[in-house]
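# the following block contains a protein sequence and its predicted model.
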Protein chains: 4
Amino acid sequence: MDNSKFCGVVPPVIIPLREDRSLDKEAFEFSINRMIDAGVNGLFFLGSSGEVAFLTDEERMQVLHEAIRIVDGRVPVMVGVIDIETMRVIDQVKRVSELPIDALVATAPFYALGGPCENERHFRTIRKYTDLPLFAYDLPVSVHTKLDPEMLLRLGTEGIIQGVKDSSADDVTFRWLVLKNRDAGHPMQLLSGHEVVVDGALLGGADGSVPGLANVDPYGYCKQWEAAQRGDWEEVARIQDHLARLMLMTKRVKSTVGFGAGVGAFKTALWQMGVFNTNQMREPVQALVDADVAAIHEVLRINGMIEENAPIRTDWA
Amino acid sequence: MDNSKFCGVVPPVIIPLREDRSLDKEAFEFSINRMIDAGVNGLFFLGSSGEVAFLTDEERMQVLHEAIRIVDGRVPVMVGVIDIETMRVIDQVKRVSELPIDALVATAPFYALGGPCENERHFRTIRKYTDLPLFAYDLPVSVHTKLDPEMLLRLGTEGIIQGVKDSSADDVTFRWLVLKNRDAGHPMQLLSGHEVVVDGALLGGADGSVPGLANVDPYGYCKQWEAAQRGDWEEVARIQDHLARLMLMTKRVKSTVGFGAGVGAFKTALWQMGVFNTNQMREPVQALVDADVAAIHEVLRINGMIEENAPIRTDWA
Amino acid sequence: MDNSKFCGVVPPVIIPLREDRSLDKEAFEFSINRMIDAGVNGLFFLGSSGEVAFLTDEERMQVLHEAIRIVDGRVPVMVGVIDIETMRVIDQVKRVSELPIDALVATAPFYALGGPCENERHFRTIRKYTDLPLFAYDLPVSVHTKLDPEMLLRLGTEGIIQGVKDSSADDVTFRWLVLKNRDAGHPMQLLSGHEVVVDGALLGGADGSVPGLANVDPYGYCKQWEAAQRGDWEEVARIQDHLARLMLMTKRVKSTVGFGAGVGAFKTALWQMGVFNTNQMREPVQALVDADVAAIHEVLRINGMIEENAPIRTDWA
Amino acid sequence: MDNSKFCGVVPPVIIPLREDRSLDKEAFEFSINRMIDAGVNGLFFLGSSGEVAFLTDEERMQVLHEAIRIVDGRVPVMVGVIDIETMRVIDQVKRVSELPIDALVATAPFYALGGPCENERHFRTIRKYTDLPLFAYDLPVSVHTKLDPEMLLRLGTEGIIQGVKDSSADDVTFRWLVLKNRDAGHPMQLLSGHEVVVDGALLGGADGSVPGLANVDPYGYCKQWEAAQRGDWEEVARIQDHLARLMLMTKRVKSTVGFGAGVGAFKTALWQMGVFNTNQMREPVQALVDADVAAIHEVLRINGMIEENAPIRTDWA
């Protein structure tokens, strides 16, 4: 299974919603095209940033149908099969596998407490139900399990998984995984999910990144990837500084915490920049308003993402 | 909405499986009848102990259909609508509400990080889609959010929720909730999920308990409830000592941790006692074997749950 | 080593300070006498509530000298030897052992990360340096290690420790420890540190409690202990309800969290009740003021600890 | 206060012990000279790696006296003033300030639960008692508080602290701190404590690092710092790969966890390399033996730190 195409910048795609919380297909198409035009190397749908947790099974399929129609083969499509435990994940695998997609992304099981044995058997069981490349999604903040790097290496070497999307914030273990993966002949593509320190990840040997912020500034991440490819590390770091400053928008939100502040800020930025028509969120999360919107607008303005005189947008188109 | 019937002993029903991991309907019927005959005051299906996380939507409905057929109105039926975020939970609500059930049980949302606002809106949104009594399931070990007691009281007073199943291991906050609920006119039924210290919970004013261990020894918990009703607290504590010793079976498991050790031990006990035909578990959890089975058998024997000379059962019927 | 005298109500003594943060000897004497007069079975000095973490070694000795002078043998004196790692704890042991005290109380080591082996060797090493009864202080909220009950039982059976002060909030494990300690011939005195659910702890077989709140209402806890001794469990629970309501003062504090809210509330209550002359705290914690003081005053008034018309005290005597 | 000299490679000095757990002065001198000869930019004594938690006050002073005698002004000397709460830290400040040292390093208070207000007041209070440069040591793994970057910036800008030693494993927040510190005119020296990803930290703008592993391989870290100074980032990363592989020695330890595995592995490596005469640890931690020693020896051999044919050393000189 060739997995080398899963590299570079692979944004987890954020979904635009209408006021009634349904998918805004026009904005979705505009945003996807904008990222592909900027040069992203792939797109990851139905991930955490794509509000997969908040969508019913039917709505997930609607998002995916639209995504595939819009992408139309221009870049590889990775798809999250996020559900609670193994057989529910496999239900998701069966569902999405009817469509022409390029890879699956699965987390460790969550809700019921397990241990390392359960985690390993989980991925091995999923493998029995699919021939697609499978990425392990290391996301302890959501599933409350850190994937053991020895297990990942074993699964990678045996062809059970073809890569890892690392959002564990454990850069030390990630570095060790990069080294051991290299020693093993590079069976896995290792993608970092930490948009604020992609420069260090690339210098340390990551194969690419999955930055939520790339929905807002795909050009920055794509230029950064190009600079890394040609070894211009000062430029890589310089662009990272810009992206890190832009990411501070998520710290300016005062009305809520967690998902509503993070993806909520990105949606608000995309709305202010005219990419999205609203900053609507899925229940039970509420769209950011007032001071939070103003603060995000300011971050965009200071960092050159909107014009100096651009007014704060208050309407939902 | 009268919620007073949700009291006393309400076991979260553990499901027996055949070797192929499908529902063992005969054993299910035998076990349910055994608990009802012992005098339980209600039954809770599709809870954590009922492997709800491991069942596909189709399998959940199969379990529930059988459960309702078997119970046949003899005791109230509470049903877990466990899913990741609000709209997925509501999908579960719609599905189970087609059947004649008595109450719904929902956790806080999980996976995506939220805050208090999201938790409160979650329960309020669920309420819009059902007229059934709704219990908030406080289970931080699985959903990584502790439900705020002030929020619970507010939701209870306004009729959004009709009770709480507390599995938070925070007995201090539970005591305060009992007192405040009493001051507010007792709008909620407060059930403790801590099978090892039910005596203290009842002495402190809990309306009942939801003990997983009651699948193994329903008689013990029912006698304890009766003793509490007549104020014989020494007897309540004496029975609790027996139940606490029995619960030690979960600490004797060495091959795994978490769910596989907890519910795995209960299933193994039920198998050894002849109530279940196997101790099979759902993927990716494996059935306990060898030394773990022997240790659980010993706990049962020492505590009088099986005969002194009973051999260790090794067959799956 | 006879340890049976360490039972019943053993308040961890809170220290009154003058404005300059030095010990207020007069108020200290008044408060200690008040607790002894109420009938406490022992007193625990230099514990967490006694601000041991905030006192220099010299100041600790001053507190202890005063304490011993005031108590004058009327009740057993337990003394905390709280320090970071083993040899520093032993330094504290040497220092306090020059005075006529009845028992030592030591936590697991903290700051440096250890494991079960280190915890066990820690207590065994301390034992080599003292002949006094030694209590293990299980306080994971401060030392971030939960003491393993099997280890405690082993240490108790071998005579390394003579008891446990359990402030772990893990009532399930405490219940199991009570049962196993009983089976082993009761080598340890097991004291609960959870002032809000002492009723359940006593019903379940605890030998006593170490309630910080007993500084505020020693009469309540002493009456509760007497009721438990004569088996009047309804009265035990009724008194607990009162004490639980009183404890809510710690939840009314809005200006800070943790120690400043907990012991800060107790000091404020003692000041409002005229037992202390100030509610001063040790650096870097600040005394509660304004709305927090008013809220605590209200809790005291509602629960009959001060007169209905008592004004809020604003002066530091 | 000029703090620019606190930059580059500043190893936290690990202390060699004799069998009786007392300081091995000869080995101490040898190891310090080895690091200075390699070109380190400073040395940090009485830090976590220096077993500060395990030393009595008297022993701390002995270590520091020897350290100052040996260093003899060749590089700046930073000194940890690690104690539980503010006034105890200030006691340590007074003690070490009698000696000619260059900077103090203090953590947030620990043991008693505090909040942001207490943390900030802690550093402000320490400042009143010293004129030396003061570094905030961000070490949540030990003190269970993450220092708020806004607070650090405020303290830095006001001259309360002169730098940060960041061992928080939160590279995202560290990156933001670097940017904001730069915007504020660089009032603080920001040193990373993550020896496995120093390359990314330096590329991102860190002023230096405090790597425990530099006791084992000071040459590696010094060459890396030089490469970074001249902008040869591929070389910086190449050296980091070597150091990351060397650091894997800490993951090879199977007999214990935490400090005993981390600093225990470093001491074992230094013993095997002939820098230390033993790998003895302070109570209650035990020296590594047998398979753990062999595994560390193998890591050293594979990574060129000892000769290919070097036997495993088993004697304590």
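Cool, the structure landed.
# what sits closest to A:Thr145 if chain neighbours are left out?
Distance criterion CB to CB, 6 or more residues apart in numbering or on different chains; nearest residue to A:Thr145, sequence neighbours excluded, is A:Ala108 at 4.5 Å. Quick note: C-beta positions are derived from backbone N, CA and C, even for glycine.
# what residues does the stretch 51-200 of chain A have near chain B?
By CB under 8 Å from any CB of the partner chain, the residues of the stretch 51-200 of chain A that approach chain B are A:51, A:53-57, A:59, A:82-88, A:91, A:109-115, A:117-119, A:121-122, A:125, A:141-144.
# which of those residues fall within helices?
A:57, A:59, A:86-88, A:91, A:117-119, A:121-122, A:125, A:141-143 (DSSP state H).
# identify the residue nearest whichever residue of the stretch 201-317 of chain A sits closest to chain D in space, chain neighbours excluded?
With CB to the nearest CB, the shortest gap between the stretch 201-317 of chain A and chain D falls at A:Trp233, namely 3.9 Å. Among residues not flanking A:Trp233 along the chain, D:Trp233 sits closest, at 3.9 Å (CB to CB, 6+ apart).
# again with A:Asn215
Going by CB to CB, 6+ apart, A:Asn215 has A:Ile14 as its nearest residue, at 4.6 Å.
# contacts only, for that neighbour.
Residues counted as contacts of A:Ile14 (CB atoms under 8 Å, 6 or more residues apart in numbering or on different chains) are A:31, A:49-51, A:212, A:215, A:263, A:266-267, A:270.
# is it true that it lies in a strand?
No: per DSSP: H, G, I helix; E, B strand; the rest coil, A:Ile14 lies outside any strand segment and is coil.
# confidence score at it?
Note on A:Ile14: pLDDT of 98.
# and what of A:Ala317?
So A:Ala317 comes in at 82 (pLDDT).
# who's in contact with it?
Applying CB under 8 Å, 6+ apart, the residues near A:Ala317 are A:277-278.
# hang on, it in a strand?
No: judged by three-state DSSP, A:Ala317 forms no part of a strand; its state is coil.
# okay, and A:Ala201 sits in which element?
A:Ala201 is part of helix A:198-203, with elements assigned from DSSP states H and E.
# which elements pack onto that helix?
Judged by 3 or more CB pairs under 8 Å, 6 or more residues apart in numbering or on different chains; DSSP states H and E, the packing partners of helix A:198-203 are helix A:171-183, strand A:208-209, helix A:218-229, helix A:233-247, helix D:198-203, helix D:233-247.
# try it again with 7 Å
helix A:233-247, helix D:198-203 (3 or more CB pairs under 7 Å, 6 or more residues apart in numbering or on different chains; DSSP states H and E).
# how about the residues of the stretch 201-317 of chain A near chain B?
Neighbours of chain B within the stretch 201-317 of chain A, by CB under 7 Å from any CB of the partner chain: A:256-260, A:282-285.
# give me that answer again for 6 Å
A:256-259, A:283-285 (CB under 6 Å from any CB of the partner chain).
# and which of those is nearest C:Val75?
A:Val257 (47.7 Å; CB to CB).
# that closest one: neighbouring residues, count only.
Residues lying near A:Val257 (other CB atoms under 10 Å in any protein chain shown) number 15.
# quick one: contacts for the nearest residue to A:Arg127 once chain neighbours are set aside?
Among residues not flanking A:Arg127 along the chain, A:Ile160 sits closest, at 4.8 Å (CB to CB, 6+ apart). By CB atoms under 6 Å, 6 or more residues apart in numbering or on different chains, the contact set of A:Ile160 is A:123-124, A:127.
# one more pass at 10 Å, please.
A:120, A:123-128, A:134, A:136, A:151-152, A:154, A:187 (CB atoms under 10 Å, 6 or more residues apart in numbering or on different chains).
# right, and the pair among these with maximum separation?
Between any two of the contacts of A:Ile160 (CB to CB), the greatest distance is 19.8 Å, for A:Thr125 and A:Pro187.
# residues near the residue of the stretch 201-317 of chain A closest to chain D, how many?
With other CB under 10 Å as criterion, A:Trp233 counts 21.
# hang on, isn't A:Phe45 packed against A:Leu23?
No: A:Phe45 lies out of contact with A:Leu23 (CB atoms under 10 Å); the separation is 11.7 Å.
# which strand residues bridge the residue nearest the centre of chain A?
The centroid of chain A falls nearest to A:Pro12 when counting by CA atoms, centre = their mean (2.7 Å). On the basis of DSSP bridges, A:Pro12 is bridged to A:Phe44.
# I'd say it and A:Gly212 touch.
Yes: using CB under 10 Å, A:Pro12 is in contact with A:Gly212, at 5.5 Å.
# can you list residues touching both of those two?
Contacts common to A:Pro12 and A:Gly212, judged by CB under 10 Å, 6+ apart, are A:44, A:47-50, A:167, A:193, A:263.
# with secondary structure and neighbour count added, can I get the residues you listed in JSON lines?
Shown next, in JSON lines, are the shared contacts of A:Pro12 and A:Gly212 (DSSP: H, G, I helix; E, B strand; the rest coil; neighbours: other CB atoms under 10 Å in any protein chain shown):
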{"residue": "A:Phe44", "secondary structure": "strand", "neighbour count": "28"}
{"residue": "A:Gly47", "secondary structure": "coil", "neighbour count": "28"}
{"residue": "A:Ser48", "secondary structure": "coil", "neighbour count": "25"}
{"residue": "A:Ser49", "secondary structure": "coil", "neighbour count": "27"}
{"residue": "A:Gly50", "secondary structure": "coil", "neighbour count": "27"}
{"residue": "A:Ser167", "secondary structure": "coil", "neighbour count": "23"}
{"residue": "A:Gly193", "secondary structure": "coil", "neighbour count": "26"}
{"residue": "A:Val263", "secondary structure": "helix", "neighbour count": "26"}
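# got these as CSV, with pLDDT columns?
Below are these laid out as CSV (pLDDT from 0 to 100):
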residue, pLDDT
A:Phe44, 98
A:Gly47, 98
A:Ser48, 97
A:Ser49, 98
A:Gly50, 98
A:Ser167, 97
A:Gly193, 96
A:Val263, 98
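# just give me the closest of these to B:Val172.
A:Ser48 (33.6 Å).
# from chain D, how far out is that closest one?
Distance, A:Ser48 to chain D, by CB to the nearest CB, to the nearest Å: 16 Å.
# what of A:Asp131?
34 Å.
# which residues touch that residue?
A:Asp131 neighbours (CB under 10 Å, 6+ apart): A:1, A:97.
# repeat that for A:Arg127.
Contacts of A:Arg127 by CB under 10 Å, 6+ apart are A:93, A:104, A:106, A:134, A:155, A:158-161.
# now, those residues that are in helices?
A:93, A:155.
# from the contacts of A:Arg127, list just the buried residues.
Buried by 16 or more other CB atoms under 10 Å in any protein chain shown: A:93, A:104, A:106, A:134, A:155, A:160-161, out of these.
# same list (those) but as TSV, adding pLDDT.
Below are these laid out as TSV (pLDDT from 0 to 100):
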residue	pLDDT
A:Val93	98
A:Leu104	98
A:Ala106	98
A:Leu134	98
A:Leu155	98
A:Ile160	98
A:Ile161	98
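# which one is A:Ile32 nearest to, not counting chain neighbours?
Closest to A:Ile32 by CB to CB, 6+ apart is A:Ile70, at 4.9 Å.
# wait, that neighbour sits on A:Phe28?
Yes: under the criterion of CB under 10 Å, A:Ile70 makes contact with A:Phe28 at 6.8 Å.
# hey, what's in contact with both of those two?
A:Val13.
# find the closest residue to chain B in the stretch 1-150 of chain A.
Closest point on the stretch 1-150 of chain A to chain B, by CB to the nearest CB, is A:Leu113, at 3.0 Å.
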